[in-house]
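K.L.:
Sequence plus predicted model, see below.
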Amino acid sequence: MKSKELSVDLRDIIVSRHKSGEGYKTIAAALKVSSSTVGSIIRKWKTFGTTMSLPRSGRPSKLSDRGKRVLVREVANNPMVTLKELQGVSEKMGEPSSRKTIATALHRSGQYGRGAKRKVIRSEHNTKRKSKELSVDLRDIIVSRHKSGEGYKKIAAALKLSNSTVGNIIRKWKTFGSTMSRPRSGRPSKLSDRGERVLVREVANNPMVTLKELQGVSEKMGEPLSRKTIATALQRSGLYERGAKRKINQKTSKPKLAPPNECGVSELHEEIARLQEENDKLKTRLWSLESQAMSALEEKAEAERALEDIQKVQGEKQLAAQSKEINSLEDTVAALRVDYERSLTANADSHKDLKENLISSKHELLRVQEQLAMAEKELDEKFQQTAAYRHMKDILTKKNEQIKDIRKRLQGYEPNA
């Protein structure tokens, strides 16, 4: 995600460090900013004379910085708030925004919505057990129909099979030249198809047969199997074992009450009357306890409502105070920024005036230097026209001629090499 812009104060610090002679890498290491960012800010300052953000193309943001902070605060206080409710909050602030705009602003602050996990609907088709393999005869019928020119859909409709099954069988026949099942990985089944049919027939003839007896049948066929293997084979054929109903032990069961005799009828009526009186007393006591519990619950509900009202009032007061403080701080920051911009504009104007004065002074200095050079040249010309200069020049010429004459004479006295 794109990082935030640097503050104007930090940009001014970068420019001031550059003016003091520090390099890009030194400034970047000191302020923990990349060298490219430092270079971009300094080039912008050299080009436009300011570090403020220039007007950009595109529509300005509908949400202000304050509005974004309010939305983030709402989400932090109530994580279950919806975008529609946040739209109402933005409208109250006077910044009506779409759900997409609000979601984008929250994403920039690291707030993301979460949807409930989708519940998988398990239909009858999904829960149905994997079907058995088709018989070799049926596969041969599919291949023969395909050879006669029938298509996949027509064969599937005629034999009540799926198109994918028909296609798989035909591709297998084209690849291996046979419709028989290929060898597969894993241990082969201990029970053959014939043995499975025999076990199913035994269970059909005698539903009360046990797994131990079926083990004996499989051993007689020459296919000794465990009880688990036999039970699995029967379950594949739709046969499941059932346990017998548990019998009641007559010895441990409680004895039935004997019928009362004639002399005990009056005592039984007295006992029933006493139990009814106790029952009425218990009902009265229960009613009083229920009424007390209901009154206590009502008092508790009233106390909770009063506490919620108090908390709501306090929260509104606290929120109003915080918003007022934030607004005052924002106004102070805005005023300081305006003052800083004014001072920056004044400094820019004074810098411009100083630059113009320096340029004019430089031009004046060049003009004075040119005048001095011309005066020096005129002075040399005037000096050359004086009598003393001409006399000195004549003397020097005569001396040079005398020196040349003396050299010639000396050459005559030198021996020949």
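P.N.:
Received, thanks. Quick caveat, the model's predicted, so the values are computed rather than measured. Numbering: from 1, shown residues only.

K.L.:
Low-confidence bits of the stretch 101-250 of the chain, can you list those?
P.N.:
Confidence mapping of the stretch 101-250 of the chain against pLDDT under 70 gives the ranges 115-131, 241-250.

K.L.:
Repeat the analysis, applying 80 as the threshold.
P.N.:
113-132, 182-189, 240-250 (pLDDT under 80).

K.L.:
what are the ranges of the helices in it?
P.N.:
124-127, 136-147, 152-159, 163-176, 193-205, 211-220, 227-236 (DSSP state H, counting those that start in this stretch).

K.L.:
Generate JSON lines for those helices, with distance to Ser288 and mean neighbour count as supplementary columns.
P.N.:
The way it works is simple: take the backbone N, C-alpha and C, and place the C-beta from them, glycine included. Shown next, in JSON lines, are the helices of the stretch 101-250 of the chain (distance: least, Cβ to Cβ, whole Å; neighbours: other Cβ atoms under 10 Å):
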{"stretch": "helix 124-127", "distance to Ser288": "54", "mean neighbour count": "7"}
{"stretch": "helix 136-147", "distance to Ser288": "79", "mean neighbour count": "16"}
{"stretch": "helix 152-159", "distance to Ser288": "76", "mean neighbour count": "15"}
{"stretch": "helix 163-176", "distance to Ser288": "73", "mean neighbour count": "15"}
{"stretch": "helix 193-205", "distance to Ser288": "66", "mean neighbour count": "14"}
{"stretch": "helix 211-220", "distance to Ser288": "63", "mean neighbour count": "14"}
{"stretch": "helix 227-236", "distance to Ser288": "61", "mean neighbour count": "15"}
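
K.L.:
Nearest to Ser295, out of those helices?
P.N.:
Nearest to Ser295 among the helices of the stretch 101-250 of the chain is helix 124-127 (52.5 Å), distances taken as Cβ to Cβ.

K.L.:
Let me know the next secondary structure element after the biggest helix by length in the chain.
P.N.:
Using DSSP state H, we find that the single longest helix of the chain is helix 265-384. Remark: after helix 265-384, the chain's next helix or strand is helix 387-413, criterion DSSP states H and E.

K.L.:
tell me the angle that following helix makes with helix 265-384.
P.N.:
80 degrees (axes from the mean of the first three to the mean of the last three Cα atoms, to 10 degrees).

K.L.:
still on that earlier bit, from the contact counts, what lies against the longest helix of the chain?
P.N.:
helix 65-77 (3 or more Cβ pairs under 8 Å, 6 or more residues apart in numbering; DSSP states H and E).

K.L.:
what's the angle from the helix it packs on to helix 265-384?
P.N.:
150 degrees.

K.L.:
average pLDDT for helix 65-77?
P.N.:
Summarised as a single mean, pLDDT over helix 65-77 is 89.

K.L.:
Pull out the buried positions in that helix.
P.N.:
The neighbour-count check on helix 65-77 (16 or more other Cβ atoms under 10 Å) flags Gly67, Lys68, Val70, Leu71, Val72, Glu74, Val75 as buried.

K.L.:
how close does the residue nearest to the spatial centre of the chain get to Leu106?
P.N.:
Residue closest to the average C-alpha location in the chain (Cα atoms, centre = their mean): Tyr112, at 7.3 Å. Counting by Cβ to Cβ, to the nearest Å, the gap from Tyr112 to Leu106 is 7 Å.

K.L.:
swap in Asp280?
P.N.:
From Asp280 to Leu106 the distance is 65 Å (Cβ to Cβ).

K.L.:
go on, Ala387?
P.N.:
Distance, Ala387 to Leu106, using Cβ to Cβ: 100 Å.

K.L.:
between these two, which one's more packed in?
P.N.:
Neighbours were counted for Ala387 and for Leu106 using other Cβ atoms under 10 Å; Leu106 has more, 19 against 7.

K.L.:
so the more buried one makes contact with Val72?
P.N.:
Yes: the pair Leu106 / Val72 is scored as a contact, 6.8 Å apart, by Cβ atoms under 8 Å.

K.L.:
before we move on, back to that, in a markdown table: the buried residues of helix 65-77, plus distance to Ser90.
P.N.:
Shown next, in a markdown table, are those (distance: Cβ to Cβ, whole Å):
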| residue | distance to Ser90 |
| --- | --- |
| Gly67 | 6 |
| Lys68 | 10 |
| Val70 | 8 |
| Leu71 | 7 |
| Val72 | 12 |
| Glu74 | 10 |
| Val75 | 13 |
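
K.L.:
what's the offset of stretch 170-189 from the middle of its chain?
P.N.:
Offset of stretch 170-189 from its chain centre (Cα atoms, centre = their mean, to the nearest Å): 47 Å.

K.L.:
now stretch 404-417
P.N.:
The chain centre lies 106 Å from the centre of stretch 404-417; the measure is Cα atoms, centre = their mean.

K.L.:
Give the rounded mean pLDDT of it.
P.N.:
Per-residue scores along stretch 404-417 average to 75.

K.L.:
Export that stretch to PDB, keeping only CA atoms.
P.N.:
Extracted in PDB, the C-alpha atoms of stretch 404-417 (Å, rounded to 0.1, in the frame of the first residue of the first chain):
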ATOM      1  CA  LYS A 404      75.200  42.400 -29.900                       C
ATOM      2  CA  ASP A 405      78.500  44.000 -31.200                       C
ATOM      3  CA  ILE A 406      80.500  42.800 -28.200                       C
ATOM      4  CA  ARG A 407      79.100  39.200 -28.800                       C
ATOM      5  CA  LYS A 408      80.300  39.300 -32.400                       C
ATOM      6  CA  ARG A 409      83.800  40.400 -31.300                       C
ATOM      7  CA  LEU A 410      84.100  37.700 -28.700                       C
ATOM      8  CA  GLN A 411      83.200  35.100 -31.300                       C
ATOM      9  CA  GLY A 412      86.300  36.200 -33.300                       C
ATOM     10  CA  TYR A 413      88.600  35.400 -30.400                       C
ATOM     11  CA  GLU A 414      87.200  32.000 -29.700                       C
ATOM     12  CA  PRO A 415      89.400  29.100 -31.200                       C
ATOM     13  CA  ASN A 416      87.900  27.100 -34.100                       C
ATOM     14  CA  ALA A 417      86.500  23.700 -33.000                       C
END
